[in-house]
Structure formats: structure tokens, C-alpha cells
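1. coords please:
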Amino acid sequence: MHKIIAANWKMYKDRTQAATTAGELAAALPEILPAGREVIVFPPFTAIESVVHAFTGKKALAVGGQNFYPAPEGAFTGEISVDMLRDLGAQWVLAGHSERRHVFGESDAFVARKAVFALSHGLKTMLCIGEKLEEREQGSLYAVLERQLTAFFEARPDGMTGETLPGRLAIAYEPVWAIGTGKVAGPGEVREAHGVTRALLEKFVGDSGKKLPILYGGSVKPDNAGALIALDNVDGLLVGGASLEAQSFLQIIGA
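-> A predicted model of the protein is given here:
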């Protein structure tokens with residue numbers, strides 16, 4: 001399985017800043033990109049077109065939207081549709097990032113609805129899951145991940161079988177307590193969570209679950225990226241702050 005290295009730029013960078021960073025990535029990557037790796041950047045909506053332009057002609061580089069509303073169009077002030085994202089050149093979307101769940105109050109059911117909608121409308125989807133610190137301390141890791149994944153798999157229409165998902169769906173495990181805090185889950189904790197996630201995927205879609213990539217996200221930096229991506233069932237990394245500077249993100253990509 002190829003490795004996915006994804007950058008979530010969150011609410012940082014205007015169009016000029018995004019274009020500069022994306023240009024630096026595009027210029028450097030042909031020389032350092034290991035075989036079998038794909039790079040995705042999720043910039044702010046206003047910068048998607050600038051990043052797409054910088055990545056033109058680079059097959060291993062893709063662009064995604066950080067959020068969207070699960071409707072073709074309508075009276076949803078402040079929202080953006082998957083068609084609008086596609087029109088800008090986005091190929092991927094995020095769904096269920098911990099900040100969407102815990103800052104903006106998106107429920108498991110709503111996240112599942114969004115992920116199904118995006119997949120049904122031709123966008124590759126990175127579905128984020130993960131537990132809060134108190135849930136980890138209470139021994140609820142399995143229950144939380146099962147609940148979040150069950151919501152998605154039960155919301156799938158009949159035609160969205162397990163065989164249709166590889167290449168279109170990625171899972172990003174992100175312990176909420178390790179996002180932007182400087183704390184990183186230890187190797188044992190990551191192996192446990194990714195093992196649980198893999199087992200759940202196989203429970204829901206059988207052998208197809210072995211083909212769905214599982215990324216780790218949570219205070220990923222150049223000095224820990226190599227150790228993280230070498231762990232069992234870690235098929236990539238979802239990077240926040242350390243992806244904002246091209247040189248830092250390039251080190252992670254090449255780890």
C-alpha cells in the first residue's frame with residue numbers, strides 16, 4: 001500500500017503565502033519524493049486554486065478541501081459545496097476532523113452523512129476519527145472508534161460496497177489530546193489504535209478493509225515522522241503545524 005502524507009493548513013496562509021509554499025513543495029518533490037508516496041495539501045478555501053496551479057503537472061501532488069456542506073446547493077450561508085471544491089481543482093476532502101467534531105459540534109451522524117455525500121459525488125474522502133484524553137484514560141478507545149466508524153459504514157448506500165472504497169477513502173486516526181499540543185501518542189498507543197482501526201475496517205468490509213489506508217495525525221514533526229510511518233498499519237501522516245513551512249513538510253515527506 002502506498003503512503004499518503006497530507007498537510008492540513010487550517011486557517012493559515014493567504015493566496016500569496018499558499019502559492020509560495022506550494023511552489024516550493026512542487027519544485028523540490030521530484031527529487032525527494034520516495035516511491036509509492038502521495039502528497040495531499042488541504043489549504044484554506046481561498047487558497048485552493050493557488051495551490052492547484054502550483055501543483056499542475058505533478059502527478060503525486062493533490063489538493064483537498066478542509067470542509068464542505070453535504071448538499072448540492074442551497075440556502076446554507078457561509079458553506080461551500082463539493083461541486084465548488086471540484087471546480088477549484090480539489091480532488092479530496094476532509095470529514096470529521098477533531099476540530100469539526102469538538103469545536104464546531106459536528107456529530108458522528110453528520111460526519112458520516114458528509115463523508116458518504118462526498119464519496120457519492122466523486123471526491124476522495126479522508127475520514128478522521130479519534131478519542132479524547134478522558135476517553136483514552138477510561139479505556140474507551142475501541143468503543144469510540146467503533147462508534148465513529150459504525151456511523152459511516154451504516155450510512156453508506158447499498159451501492160457503496162467495500163470493493164468500491166479503496167483508492168477513494170482514507171482513514172485518519174488522530175488522538176484529540178495530541179493535536180496541536182506537542183504531545184504525541186507513543187509507539188504502543190499508535191499501534192494499538194491503528195490495529196483497532198484495521199480490525200474494525202475488516203469487520204465492516206472484509207478483505208477490502210486491508211486496502212484502506214490509515215493515517216496518523218497528532219503533533220507530527222520532522223523528528224518523529226520516520227518512526228511513526230514505520231509502525232504497523234500506519235499508511236501515512238496527517239500533518240498540521242509542521243506542514244506550514246515547506247522545508248519542515250519536505251523533511252516529513254522524505255522521512
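2. pLDDT score assigned to the residue lying farthest from the centre of the chain?
-> No residue in the chain has its C-alpha farther from the mean C-alpha position than A75, which lies at 27.6 Å (CA atoms, centre = their mean). pLDDT for A75: 98.
3. could you list every residue that touches it?
-> A75 makes contact with no residue, according to CB atoms under 8 Å, 6 or more residues apart in numbering. All C-beta spots, glycine's among them, are computed from the backbone N, C-alpha and C.
4. name the element it belongs to?
-> For A75, there is no enclosing helix or strand under DSSP states H and E.
5. give me phi/psi at it?
-> As for A75, its main-chain torsions (degrees, to the nearest 10) stand at phi -90, psi 70.
6. and if you look at G159?
-> Dihedral angles (degrees, to the nearest 10) for G159: phi -80, psi -10.
7. Check the spacing between it and V116 real quick.
-> 11 Å (CB to CB, to the nearest Å).
8. neighbour-wise, which of these two wins?
-> V116 (22 against 7; other CB atoms under 10 Å).
9. pLDDT weak spots in the stretch 151-255 of the chain?
-> 180, 184 (pLDDT under 70).
10. Kindly recompute the last result at 80.
-> Regions of the stretch 151-255 of the chain meeting the criterion pLDDT under 80 cover residues 178-185.
11. now the strands for it?
-> For the stretch 151-255 of the chain, the strands defined by DSSP state E, counting those that start in this stretch occupy 169-173, 214-217, 236-239.
12. Can you redo those strands as TSV, where the extra columns are distance to A95 and mean neighbour count?
-> Below are the strands of the stretch 151-255 of the chain laid out as TSV (distance: least, CB to CB, whole Å; neighbours: other CB atoms under 10 Å):
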stretch	distance to A95	mean neighbour count
strand 169-173	10	25
strand 214-217	13	25
strand 236-239	13	26
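13. Include distance to Q66 when you put the ones you listed into a markdown table, please.
-> Output for these, formatted as a markdown table (distance: least, CB to CB, whole Å):
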| stretch | distance to Q66 |
| --- | --- |
| strand 169-173 | 13 |
| strand 214-217 | 13 |
| strand 236-239 | 12 |
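14. so which of those gets nearest A112?
-> strand 169-173 (12.2 Å; CB to CB).
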